[in-house]
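Chemist: the following block contains a protein sequence and its predicted model.
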Amino acid sequence: MTSQDIAAALQRVESVFHRRPEAAFHDDAPGTVRWESGLRLVATHANGKQVLTDMPGEFGGTGDQVSPGWLVRSGLAACTASCIALAAAREGIELQALEVTASSRSDARGMLGMADADGQAVYPGPHDVQMHVRISAHGVSAQRLRSLVEDSNRRAPMTSAFKNALPVALHIEVGDA
């Protein structure tokens, strides 16, 4: 799709949402993961696409697939990049390059349920989540591109989920395999 096609699509959907705000509410495609063996999992989208995950060898996995944490960081980066590309198309900016890298630092002891020296449980989630955006567009000022990235990041759903730390409702069903 060209930037003009994307901008036209956005205008159509925004017009619908102005007339019927309730049309904007939808259930997101669920992420379903099934255990294969060991630490190997298969994530399957409703459209049939699949992604394999496994843990690194240090944790007993094979290390030959991406880790679940990498998928989260990649999802964060992809969501932000998508929002930037949408905003650029909407504003008539022809991007020459766009790359978003999401990184974090984690303490693996938390995933193992270990305690720190003071006896407190180690936090299992990522610390110090960062995103680095590389962007360029001919004839567009650096300030306008920075503003585009900052505004897009504020509207990115996954960034918002990280910032707002949504509670996760856990429902457990135990039964025969």
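Modeler: Received it, and whenever you're ready, just let me know what you need. Numbering: from 1, shown residues only.

Chemist: in the chain, which spans are helices?
Modeler: Taking DSSP state H to define them, one finds helices in the chain at 3-19, 68-90, 142-155, 157-164.

Chemist: pick the most deeply packed of the ones you listed.
Modeler: Most buried of these by mean neighbour count (mean count of other Cβ atoms under 10 Å) is helix 68-90; its value is a mean of 19. To be clear about C-beta, it is placed using only N, CA and C from the backbone, and glycine gets the same treatment.

Chemist: that helix - what's its average pLDDT?
Modeler: Across helix 68-90, pLDDT averages out at 96.

Chemist: that helix packs against which elements?
Modeler: Here helix 68-90 is seen to pack against helix 3-19, strand 50-53, strand 97-105, strand 127-136, helix 142-155, helix 157-164 when contacts are counted using 3 or more Cβ pairs under 8 Å, 6 or more residues apart in numbering; DSSP states H and E.

Chemist: what angle do the first one and helix 68-90 make?
Modeler: This means helix 3-19. 90 degrees (axes from the mean of the first three to the mean of the last three Cα atoms, to 10 degrees).

Chemist: over to the fifth one?
Modeler: Helix 142-155 and helix 68-90 are oriented at 120 degrees to each other (the same axes, to 10 degrees).

Chemist: okay, now the unreliable bits of this protein?
Modeler: 177 (pLDDT under 70).

Chemist: gap between residue 46 and residue 32?
Modeler: 8 Å (Cβ to Cβ, to the nearest Å).

Chemist: want to throw the helices and strands packed on helix 68-90 into CSV with distance to residue 88?
Modeler: As requested, the helices and strands packed on helix 68-90 are arranged in CSV below (distance: least, Cβ to Cβ, whole Å):
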stretch, distance to residue 88
helix 3-19, 7
strand 50-53, 27
strand 97-105, 8
strand 127-136, 8
helix 142-155, 6
helix 157-164, 17
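
Chemist: that concludes my questions; thank you for your assistance.
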